[in-house]
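*Asks:* next input, structure requested:
(2 chains)
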2 protein chains.
Amino acid sequence: MFSKHKFLSVCNELLRKSTSINTKFLRNVQTNRCKTGTGNTSFTPRTHTCGELRLTDVGKQVHLCGWLQYQRMGGLFLILRDWEGMTQVVIPSSKVHKLDEISTTAYESVIEVTGTVSSRPTGQENQTMPTGSIEVTVDDLTILNTCQALPFELRDFHEVKESLRMEHRYLDLRTQRMQNNLRLRSKMVMKMREFLCNLHGFVDVETPTLFRRTPGGAKEFVVPSRHPGKFYSLPQSPQQFKQLLMVGGLDRYFQIARCYRDEGSKPDRQPEFTQVDIEMSFVDREGVIQLVEELVQFSWPEEKGEITTPFPRMTYKDAMRQYGVDKPDTRFDMRLKDVSDVLRGSNFKPFTDHLDDNSGSVQALRIPNGSRHMSNKDVDSLKQNASSLRDLNIVIMRFTEERQWKSGIIKHLSEKELEALELELGVCPNDLIFLVAGKSYDPHETLGKLRLDCAELLESKGKDIRDKENFNFLWVVDFPLFLPKEEGEGLESAHHPFTACHPQDRQLLYSDAEKVRSQHYDLVLNGNEIGGGSIRIHDAKLQRFVLEKILQENPSELEHLLTALDMGCPPHGGIALGLDRYVSLLCDAKSIRDVIAFPKSHDGKDPMSKAPATVSNEDLAQYHIKVNSPVT
Amino acid sequence: MFSKHKFLSVCNELLRKSTSINTKFLRNVQTNRCKTGTGNTSFTPRTHTCGELRLTDVGKQVHLCGWLQYQRMGGLFLILRDWEGMTQVVIPSSKVHKLDEISTTAYESVIEVTGTVSSRPTGQENQTMPTGSIEVTVDDLTILNTCQALPFELRDFHEVKESLRMEHRYLDLRTQRMQNNLRLRSKMVMKMREFLCNLHGFVDVETPTLFRRTPGGAKEFVVPSRHPGKFYSLPQSPQQFKQLLMVGGLDRYFQIARCYRDEGSKPDRQPEFTQVDIEMSFVDREGVIQLVEELVQFSWPEEKGEITTPFPRMTYKDAMRQYGVDKPDTRFDMRLKDVSDVLRGSNFKPFTDHLDDNSGSVQALRIPNGSRHMSNKDVDSLKQNASSLRDLNIVIMRFTEERQWKSGIIKHLSEKELEALELELGVCPNDLIFLVAGKSYDPHETLGKLRLDCAELLESKGKDIRDKENFNFLWVVDFPLFLPKEEGEGLESAHHPFTACHPQDRQLLYSDAEKVRSQHYDLVLNGNEIGGGSIRIHDAKLQRFVLEKILQENPSELEHLLTALDMGCPPHGGIALGLDRYVSLLCDAKSIRDVIAFPKSHDGKDPMSKAPATVSNEDLAQYHIKVNSPVT
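*Replies:* Residues are numbered from 1 along each chain as shown, chains lettered A, B, ... in the order given. Now for the predicted structure:
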């Protein structure tokens, strides 16, 4: 066979040898070369992938490459596999001398085949296989690489421990699941880029990952430099850079940005992750929200059905009050209900004590039919889980088939109070009620956790609670700009110190900062925060006031940003979408590890390469550091 | 004005307030929202950029945002600027009360204007300005942010020290030069992605940057982890990962990959840089070369003229012999010439000593008209520069207008030898000749440096040597697979240990490894290496042989890769293009810093944020490290 590929290679050889290049000839070759065309097999001798041959291809000479999936009848029939599918290959009688070698070749060996497509004999078609109507009769077959003993069978991957799969990640990548996930991710990001770059004039700018430590950047990895005692820091996001780009007149920026966060071993977090980072000048909240909605719609994978924009919105306050969380899963109802007024007159002291407090309340969560599906043991375990959050007392009430209340607190409640509760909550027979009292959003958060845990428990018992095919996007807006510090007195930023305040609350900044709402917005999908952003402060004086007076921080580490704001910084805002999480929700993957080619394990280790690893003292000395002894 | 933007914002507000969402209304709004359309001002109140209004827009109501470039006549006329251009803005008599404020506003302040486009009065058009036929008469003008004192005038940026510009990088970014460079870069990368992803089925896969140290990875930054004494390493390229992806059946991979290299302070290098990283399975050298040629052509910026493929090729041997370097600048001739045979019989001992040596030779470089344009002082300085490379003796010969040789070595050469030299080199009156003797490629390298330095010197004197508009691509192929170690005995990889050998030289591996050619290829543009790649070893046994027997390395740190090769690794190869360098050549930028938004200085520092910086001992203790004292 003298393929086009080989022809071109000969042409090139000739070209290379000729000392004076004939440009006319050159142009001819170029035209030929362009004919190579596009597709999944261009620039290689392959003519097709293993998933694409059909009856219409019968008679064609083809060249396939792939992995040996299966063989039968002593190697007479082979199944060749690549990411796109499988094709049956037949050894004709003229090649039976090859059978010895083929029949002893291990599965997952790499094989190259040239041959002719023929239709399968009647009755031997395989309806479950897209290529099941044809087979390829071999002209030539080469075993390109022999597979040695596998640590596990690829088809059993779901039964294999994740640590073993991660140690041999390259095998896990061969599974249809990982191929689909990574290919979907690539395609989706490409669509996002087309939307931003080609349709809306955004500029893809790469920002540094070797930066200086940001104030309070306790979760930033450090990178020792050759300057004694000086360290770079791997930033958690390009936040400062994107704002500086706005100052620099790059008025529409985006980047698929690698970010770093050292969180020790939090479940389903990765030390490095990716965000779709966007910033625009001269934009308000509506502009960013609309941009993101159109971006999501434009890049939405066709096979996942349709989504509707605009996405619904909810204030932070409503989210906390109704769902007990700032990222509500709105695929199911079971909203919280404030029953403070109903129970204010009761003599149940754990409730009334809280109701005397200004910010105290009693909140209720009703689980329809919960009494039927959840045993006492289930409920105890749920309570235990939920009380780990805020350590609040969780009261259970069951409503029987016969419309009778059963609960330890009944004796503290009047008939009238019980009736009011029944009415207020719309209680039905077999419902189960959780009641929690506490201050501010504490009871809500406890019930918010219970709400999600109950949904999961009921689903594990076969109940339909959330539609897995549903994608409920939701904007949460009007967050508080500041929150009381987790430790000590004073306020800290709810998100980051560059967030602008709500235009209506500007005056409150100087009088009652805790009440100020921000121009921050979160994008939530099925109860997961997949993005967050804000309109930023573009006024240097205001930024300095927030840093110095409200957050009581020394602004010296941010002096470069403050100076920049003073040199003609336009109003600007943006957002960052968590790509790993977003794609994992789209792929219905259990973990973000399933949409990352080479993830780290829970504790930040790579079981494949054994990173992190020791480094010699000489190498460390270049960076003027040493390891604290003793090292365990 | 009640713009569409505001209308939508009101709609959303209404939506947010309505508890039961009317889906029909929702759909209507969605349709309206989609009308926002595309372009450089979508999702903002801006209707146009400052560069796009023309006579055909006269009468339109417009909304512009930009920086105050200039004002005259007490603020009656303003020039507003953004990245796309400038527009003249006129304050009408009805707004003269605004003039006090406007006339005192500093240049580079940020201004928002709504107004009406009108044609300029006859005679007041500005032909040098693309928008010079129109002006915008103000309805409303807002100063969005006032600029404080600038550290330098933007229009004088070329006279400003680079360190000051880097300290205020955001100002430098506002210059047309930086805007053009970064926008060209973004567009070019986007075209590359379209080519790879959309036309040829490549998958964009992100690989980790927190990895383990590779053998001999002396230039890798280390990142301390929370595991005592264990470090990640920032890889110099995704080489191992791309090969593992091939094992994993992701048969066409690409990534615009961030890479890291700690080289101390080398000129025009950056500690982090970007490469276009590509790998394919079932491909040979021709396939990769053709892919890259089509990629370059597809992504080539229109305004840079046409380029022709295929690119010429040259073997490593020819490049070294003719140009004295493995990345020849073929935009000009001045090739080296071997004059060993001509001078073999001379009695000039510095030459004949070398000619007695097996690998010795005398090489000549002829500079046409060099004697006319280069003074003795010039030549001395060139000699000094070039001899720093290999410390070889450089002999000068001048050929006068009267066709007489002038040189210190004439007395050692016979009349016949001088005639032969004249003939061999095609010497013309006023030519200048450099002669260098030495072993193997030492004299070539010395003259290769002289060749480039002479070109630069002659250009600085106004001679046309290299066409700045020319883009000479060149493939250099058939590199040696191994080179003698720079220090000590034995061989080291010319590129990296995963490079496959030339198919014709396979047997030499076991007998005379130094003679083995590799399947490595470099892409050279105007004398700069802008890419390199190879077909890789896919056979575990062969890879182990190369590591253990030839390179004498302990393969334990690469055990995961060796295991992977044994589990069905397809033949594969690829390339990495140095994006920063490539774009800087396209932009005719002096340094790669001019195509990077936030580069580091020569010594790896960021003059803007002052990175790297000190880190507290408590923070370092988390990572079980401390700084070696004393720190200066």
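
*Asks:* only C-alpha atoms from now on, for both contacts and neighbour counts.
*Replies:* OK.

*Asks:* buried set for the helix or strand containing A:Val436?
*Replies:* In this assignment (DSSP states H and E), A:Val436 forms part of strand A:432-439. The neighbour-count check on strand A:432-439 (16 or more other Cα atoms under 10 Å in any protein chain shown) flags A:Leu432, A:Ile433, A:Phe434, A:Leu435, A:Val436, A:Ala437, A:Gly438 as buried.

*Asks:* cool, stretch A:360-377 as well?
*Replies:* Applying 16+ other Cα under 10 Å to stretch A:360-377 flags A:360-371, A:373-374 as buried.

*Asks:* likewise for stretch A:535-549?
*Replies:* Under 16+ other Cα under 10 Å, the buried positions of stretch A:535-549 are A:Ile535, A:Arg536, A:Ile537, A:His538, A:Asp539, A:Ala540, A:Gln543, A:Arg544, A:Val546, A:Leu547.

*Asks:* give me the distance between the first one and chain B.
*Replies:* Same thing as A:Ile535. From A:Ile535 across to chain B, the span is 13 Å (Cα to the nearest Cα, to the nearest Å).

*Asks:* wait, that residue sits on A:Gly287?
*Replies:* No. In this structure, A:Ile535 is not within contact of A:Gly287 by Cα atoms under 8 Å, at 10.2 Å.

*Asks:* and the helices in the stretch 451-600 of chain A?
*Replies:* All helices of the stretch 451-600 of chain A, identified by DSSP state H, counting those that start in this stretch, fall at A:540-545, A:559-565, A:579-586.

*Asks:* where does pLDDT dip in chain A?
*Replies:* Residue ranges of chain A with pLDDT under 70: A:1-36, A:157, A:217, A:630-632.

*Asks:* now with 80, please.
*Replies:* Low-confidence segments of chain A, defined by pLDDT under 80: A:1-37, A:154-158, A:215-218, A:264-267, A:629-632.

*Asks:* does chain B have contacts with stretch A:122-142?
*Replies:* No. Stretch A:122-142 is not in contact with chain B by Cα under 8 Å from any Cα of the partner chain; minimum separation 11.9 Å.

*Asks:* now do the buried residues in that stretch.
*Replies:* For stretch A:122-142, by 16+ other Cα under 10 Å, it's A:Thr131, A:Gly132, A:Ser133, A:Ile134, A:Glu135, A:Val136, A:Thr137, A:Val138, A:Asp139, A:Leu141.

*Asks:* quick one: secondary structure of the residue nearest to the fifth one when sequence neighbours are not counted?
*Replies:* Counting by Cα to Cα, 6 or more residues apart in numbering or on different chains, A:Glu135 lies nearest to A:Gln88, which is 4.9 Å off, once chain neighbours are set aside. At A:Gln88, secondary structure determined by DSSP: H, G, I helix; E, B strand; the rest coil is strand.

*Asks:* residues near A:Gln88, how many?
*Replies:* 24 (other Cα atoms under 10 Å in any protein chain shown).

*Asks:* and the buried residues of stretch A:360-377, which two are the farthest apart?
*Replies:* Greatest spacing in the buried residues of stretch A:360-377, by Cα to Cα: A:Gly360 and A:His373 (31.4 Å).

*Asks:* now the residue nearest the centre of chain A: how far from chain B?
*Replies:* Closest residue to the average C-alpha location of chain A: A:Arg581 at 1.2 Å, with Cα atoms, centre = their mean. Going from A:Arg581 to chain B by Cα to the nearest Cα gives 15 Å.

*Asks:* and A:Phe273, by the same measure?
*Replies:* 9 Å.

*Asks:* partners of that residue in the sheet?
*Replies:* Beta-bridge pairing of A:Phe273 under DSSP bridges involves A:Cys259.

*Asks:* hang on, isn't it packed against A:Asp580?
*Replies:* Yes. Between A:Phe273 and A:Asp580 a contact is recorded at 6.9 Å, counting by Cα under 8 Å.

*Asks:* who are the contact partners of the closest residue to A:Lys266 other than its chain neighbours?
*Replies:* In space, A:Lys266 comes closest to A:His602 once its chain neighbours are excluded; the distance is 6.7 Å by Cα to Cα, 6+ apart. Residues counted as contacts of A:His602 (Cα atoms under 8 Å, 6 or more residues apart in numbering or on different chains) are A:Ser265, A:Lys266, A:Pro267, A:Asp268, A:Arg269, A:Gln270.

*Asks:* likewise A:Ser609?
*Replies:* By Cα under 8 Å, 6+ apart, the residues touching A:Ser609 are A:Glu167, B:Phe211, B:Arg212, B:Leu558, B:His560.

*Asks:* most neighbours of all those, which one?
*Replies:* Top of the contacts of A:Ser609 by neighbour count (other Cα under 10 Å): B:Arg212, with 26 neighbours.

*Asks:* ranges for the helices of the stretch 301-450 of chain A?
*Replies:* With DSSP H, counting those that start in this stretch as the criterion, the stretch 301-450 of chain A has helices at A:316-323, A:340-343, A:349-356, A:370-373, A:376-390, A:415-425, A:442-460.

*Asks:* now the ones you listed in CSV, with distance to B:Glu469?
*Replies:* Below are the helices of the stretch 301-450 of chain A laid out as CSV (distance: least, Cα to Cα, whole Å):
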stretch, distance to B:Glu469
helix A:316-323, 58
helix A:340-343, 78
helix A:349-356, 79
helix A:370-373, 77
helix A:376-390, 67
helix A:415-425, 78
helix A:442-460, 64
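
*Asks:* is it possible to get a markdown table of the ones you listed that adds distance to chain B?
*Replies:* A markdown table is the format used below for the helices of the stretch 301-450 of chain A (distance: least, Cα to the nearest Cα, whole Å):
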| stretch | distance to chain B |
| --- | --- |
| helix A:316-323 | 11 |
| helix A:340-343 | 23 |
| helix A:349-356 | 29 |
| helix A:370-373 | 27 |
| helix A:376-390 | 26 |
| helix A:415-425 | 19 |
| helix A:442-460 | 21 |
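
*Asks:* just so I know, which of the ones you listed lies nearest B:Ile410?
*Replies:* That would be, of the helices of the stretch 301-450 of chain A and by Cα to Cα, helix A:316-323, which comes in at 91.1 Å.

*Asks:* pull the residues that contact stretch A:132-146.
*Replies:* By Cα under 8 Å, 6+ apart, stretch A:132-146 touches A:53-55, A:58, A:87-92, A:105-106, A:108-120, A:125-127, B:538-539, B:566-571.

*Asks:* list only buried entries from the residues you listed.
*Replies:* A:53-54, A:58, A:87-91, A:105-106, A:108-120, B:538-539, B:566-571.

*Asks:* and stretch A:89-107, C-alpha only, in PDB?
*Replies:* What follows is stretch A:89-107, C-alpha atoms only, in PDB (Å, rounded to 0.1, in the frame of the first residue of the first chain):
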ATOM      1  CA  VAL A  89     -11.600  -8.000  13.000                       C
ATOM      2  CA  VAL A  90     -11.500 -11.300  11.200                       C
ATOM      3  CA  ILE A  91      -8.400 -13.300  10.300                       C
ATOM      4  CA  PRO A  92      -8.900 -14.800   6.800                       C
ATOM      5  CA  SER A  93      -7.700 -18.300   5.900                       C
ATOM      6  CA  SER A  94      -4.700 -16.800   4.100                       C
ATOM      7  CA  LYS A  95      -3.400 -15.500   7.400                       C
ATOM      8  CA  VAL A  96      -4.000 -18.500   9.700                       C
ATOM      9  CA  HIS A  97      -0.200 -18.700  10.300                       C
ATOM     10  CA  LYS A  98      -0.700 -15.500  12.400                       C
ATOM     11  CA  LEU A  99      -3.100 -17.200  14.700                       C
ATOM     12  CA  ASP A 100      -0.500 -18.700  17.100                       C
ATOM     13  CA  GLU A 101       0.800 -15.200  17.800                       C
ATOM     14  CA  ILE A 102      -2.600 -13.500  18.000                       C
ATOM     15  CA  SER A 103      -4.300 -16.100  20.200                       C
ATOM     16  CA  THR A 104      -1.600 -15.700  22.900                       C
ATOM     17  CA  THR A 105      -1.600 -11.900  22.800                       C
ATOM     18  CA  ALA A 106      -2.800 -10.500  26.100                       C
ATOM     19  CA  TYR A 107      -5.900  -8.300  26.200                       C
END
